[in-house]
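> fold the following and give me the result.
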Amino acid sequence: MKKAALALSILAASTSAAWAQSSVTIYGIVDAAVRLSTNAGATAATNGESITSVVPGGMSQSRLGFNITEDMGGGLKAIANMEHRFNSDTGAASAADFWRQSWVGLQSSEWGRVTIGRQYNVLFDAYTPTYSSFRYSPYIEAFKPEVGFSLGARNDNMVKYLIEVGGFRAEAQVSAGEGNATTVGANGKSMGGLLRYATGEFAAAGAYLQLEDTAGKNVKGWTVGGSWSSGPWYVNASWGRNEFETGFNPTLNITLLGSIAGALTTKTPVATGGAGDERDIYMAGFTYQMTPQWNLGLEYWHTKQDGLGASTAADGKTDSLAFVADYAFSKRTDAYLEIDGTKVGGNLMFANGASKRQNYMIGLRHRF
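Below is the predicted model:
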């Protein structure tokens, strides 16, 4: 009995020592806002109506996440992440995929990091840390055209490799199709890469991603841009493009178009709705930290779509401008006022027939 007790004591001590090298961090955001949208009636007959709603994330999508790290010695770590997105206004999951991120990997101080699972793609990884809309809050969750060009932002079944040397970062991703390309977040096979360089006040990045649907048709995405940060100032500028192979899943094509500035369609009905051969986005803006509590930001987006083949029925453009004033009560809690507007031109229009829309939003966010 004494030997058994001693063995159990040694096992408990060794287990405790192993656990002491591991950490689990729980993090999250709860964000809710009141948003007024003009020209937002459901039909052409009522498209001049304004609609007021409570949105489950004005500046950030509400989420609950877990970061797991185990230090295995010799500069090697096991890492994992699970992140759930939810609607703060109803408590419901924000999407069918309960875990918006779910990956596991290994990280070495010598050879970089390998992660496997559902995770952000290389286009999103270029935009977010390098030239996203605002420094203190990468995007306006309720209005983020550049994320619409990130081809779903996340991909399933992904293997991603990342390495950083000095100011350089390189990433490569591949994912298995597994016969699933019916939603933007499960876009079939993928392959892509990213290069980023940051030094002092400047950062620049470029990325390429190719996705394949179940019919073997491709969409290709590019982005390149940079930012300058100095004291209270942050300035960003970038370009992005999506090119669709003829026959690419039209449902995904139209979904990606709608993620740019809301539900868009064509003035003259075409066989594939609002689908286009290629889209470009140009964006530029700045953030100014007026005081330790006040951040002011302004961002402009211009997008252009060329229609399918020789047809001009889906040709069009959008011009959007957004202003944000954010006040930090503390390091974790802030309130914000946001105004954005979009004008649609060419053969594109909002789904209700409107050609322009203004949005006004005031909200509260807590991060932990």
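
> identify the single longest strand in this structure, thanks.
strand 22-37 (DSSP state E).

> next SSE after that strand?
strand 51-55 (DSSP states H and E).

> so what strands line up beside that next one?
Note on strand 51-55: by DSSP bridges, its sheet partners are strand 22-37 (antiparallel).

> run through the bridge partners of residue 240.
residue 223, residue 281.

> any idea how many residues pack against it?
Close neighbours of residue 240, defined as other C-beta atoms under 10 Å, add up to 25. From N, CA and C alone the C-beta is placed, and that goes for glycine too.

> got a list of what it touches?
Listed by C-beta atoms under 8 Å, 6 or more residues apart in numbering, the contact set of residue 240 reads 123, 127, 146, 149, 221-224, 280-281.

> who touches the longest strand of the chain?
50-71, 88-89, 141-142, 336, 338, 357-368.

> of these, which belong to helices?
Applying DSSP state H to these, no entry is found in helices.

> hmm, which of those residues are the buried ones?
55-63, 65-66, 88, 141-142, 336, 338, 357, 359-361, 363-367 (16 or more other C-beta atoms under 10 Å).

> hey, where'd the strands end up in the stretch 151-300 of the chain?
154-165, 168-175, 189-199, 202-212, 218-230, 233-244, 264-266, 276-289, 294-307 (DSSP state E, counting those that start in this stretch).

> below-threshold pLDDT in the stretch 101-250 of the chain: ranges please.
179-187 (pLDDT under 70).

> same thing but at 80, please
177-188, 214, 250 (pLDDT under 80).

> tell me the mean pLDDT for stretch 320-337?
Mean per-residue pLDDT for stretch 320-337: 97.

> contacting residues around residue 176?
Residue 176 neighbours (C-beta under 8 Å, 6+ apart): 157, 189.

> distance of it from residue 136?
Residue 176 is 37 Å from residue 136, where distance means C-beta to C-beta, to the nearest Å.

> check residue 241 too.
On the measure of C-beta to C-beta, residue 241 and residue 136 end up 28 Å apart.

> ok, residue 149 next?
Taking C-beta to C-beta, one finds residue 149 at 22 Å from residue 136.

> and these two? which has more neighbours close in?
residue 149 (27 against 15).

> could you find the closest non-adjacent residue to residue 278?
Leaving aside its chain neighbours, residue 278 sits nearest to residue 243 (4.7 Å; criterion: C-beta to C-beta, 6 or more residues apart in numbering).

> so that neighbour sits right up against residue 280, yeah?
No. With contacts counted by C-beta atoms under 8 Å, residue 243 stays clear of residue 280, the gap being 9.7 Å.

> picking up where we left off before, which of the buried ones among the contacts of strand 22-37 fall in strands?
Using DSSP E, those in strands are 55, 63, 65-66, 336, 338, 357, 359-361, 363-367.

> next, give me the two most distant ones among those residues.
66 and 357 (37.5 Å; C-beta to C-beta).

> and the longest strand of the chain, what's buried?
Within strand 22-37, the residues scored as buried using 16+ other C-beta under 10 Å are 29-33, 35, 37.

> cool, stretch 191-208 as well?
Going by neighbour count (16+ other C-beta under 10 Å), the buried part of stretch 191-208 is 192, 194-198, 203-208.

> cool, and stretch 114-121?
Neighbour counts over stretch 114-121 (16+ other C-beta under 10 Å) mark 114-115, 117-121 as buried.

> can you list the neighbours in contact with that stretch?
So stretch 114-121 is in contact with 79, 81, 97, 99-107, 128, 150-162, 173, 185, 190, 192, 209, going by C-beta under 8 Å, 6+ apart.

> could you flag which of those residues are buried?
79, 81, 97, 99-103, 105, 107, 128, 150-162, 173, 185, 190, 192, 209.

> for the residue nearest to residue 278, give me its contacts.
219-221, 277-278.

> in the sheet, which residues pair with residue 143? Tell me.
According to DSSP bridges, beta-bridge pairing links residue 143 with residue 140.

> what's the separation between the residue nearest to residue 90 when sequence neighbours are not counted and residue 110?
What sits nearest to residue 90 in space, not counting adjacent residues and going by C-beta to C-beta, 6+ apart, is residue 56, at 7.0 Å. Per C-beta to C-beta, residue 56 is found 42 Å from residue 110.

> how about residue 138?
Distance from residue 138 to residue 110, by C-beta to C-beta: 30 Å.

> settle it for me: which of the two has more neighbours?
Between residue 138 and residue 110, residue 138 has the larger neighbour count (other C-beta under 10 Å), namely 19 against 8.

> who's the closest spatial neighbour of that one, skipping the chain neighbours?
residue 132 (3.9 Å).

> quick one, what contacts that neighbour?
Here residue 132 is in contact with 138-139, 146, 236 (criterion: C-beta under 8 Å, 6+ apart).

> quick check on residue 126: phi, psi?
phi -80, psi -50 (degrees, to the nearest 10).
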